[in-house]
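*Asks:* pasted the sequence and its predicted model underneath.
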Amino acid sequence: MATPNMQELMEKAKEMQAQMQAAQQEIAALKVIGEAGGGLVKVSMNGAHQALRVEISPSVMGDEEEMLEDLVMAAINDASQKIENRTKEKMIAMAKDMKLPEGFGSEGA
């Protein structure tokens, strides 16, 4: 098995770093909407997992406070999971696009 060229490895590392920075910027710019209660509660969240907006249907306002709190929590968790899934998808796609030299990153495989 050929040993990877150090120059080639350094170039790949720089390329990977640039792609990681671009991916992080793209993830930070993500905006998703999490929903609960069949859309009665919606939470908008960015890629940094920060809630941007909470929308609660007026039809829910008369219900018990605990139920409303549970719906808001579920909507936030739904939005957070969507960010996590999109982040994983982006990282997997980026890893597939990388064409690393033979033997690079395959220790113990």
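*Replies:* Yep, that arrived.
*Asks:* how many residues are close by Met45?
*Replies:* Neighbours of Met45 under the rule other CB atoms under 10 Å: 23. No exception for glycine: its C-beta is placed from N, CA and C like everyone else's.
*Asks:* so what pLDDT did it get?
*Replies:* Note for Met45: predicted pLDDT of 84.
*Asks:* on the three-state scheme, it is what?
*Replies:* On the three-state scheme (DSSP: H, G, I helix; E, B strand; the rest coil), Met45 is labelled strand.
*Asks:* how about the lengthiest helix in the chain: buried residues?
*Replies:* Using DSSP state H, we find that the single longest helix of the chain is helix 65-97. For helix 65-97, burial by neighbour count (16 or more other CB atoms under 10 Å) applies to 68, 71-72, 74-76, 78-80, 82-83, 87, 90.
*Asks:* looking at the residues you listed, spot the one nearest Met16.
*Replies:* Lys90 (13.8 Å; CB to CB).
*Asks:* so the closest one sits against Ala29, correct?
*Replies:* No. Using CB atoms under 8 Å, Lys90 makes no contact with Ala29, being 11.4 Å away.
*Asks:* tell me the helices and strands packed up against the longest helix of the chain.
*Replies:* When contacts are defined as 3 or more CB pairs under 8 Å, 6 or more residues apart in numbering; DSSP states H and E, helix 65-97 sits against helix 6-28, strand 31-36, strand 41-46, strand 51-56.
*Asks:* residue nearest the centroid of the chain?
*Replies:* Thr87 (2.7 Å; CA atoms, centre = their mean).
*Asks:* ok, the closest residue to Glu55 other than its chain neighbours to Met98 distance?
*Replies:* The shortest distance from Glu55 to any non-neighbouring residue, by CB to CB, 6 or more residues apart in numbering, is to Lys42 (4.3 Å). Look at Lys42 and Met98: by CB to CB, to the nearest Å, they are 37 Å apart.
*Asks:* the more surrounded of these two?
*Replies:* When Lys42 and Met98 are compared for neighbours, Lys42 comes out ahead with 20 against 12, by other CB under 10 Å.
*Asks:* list the contacts of Ala36.
*Replies:* 71-72, 74-75, 78 (CB atoms under 8 Å, 6 or more residues apart in numbering).
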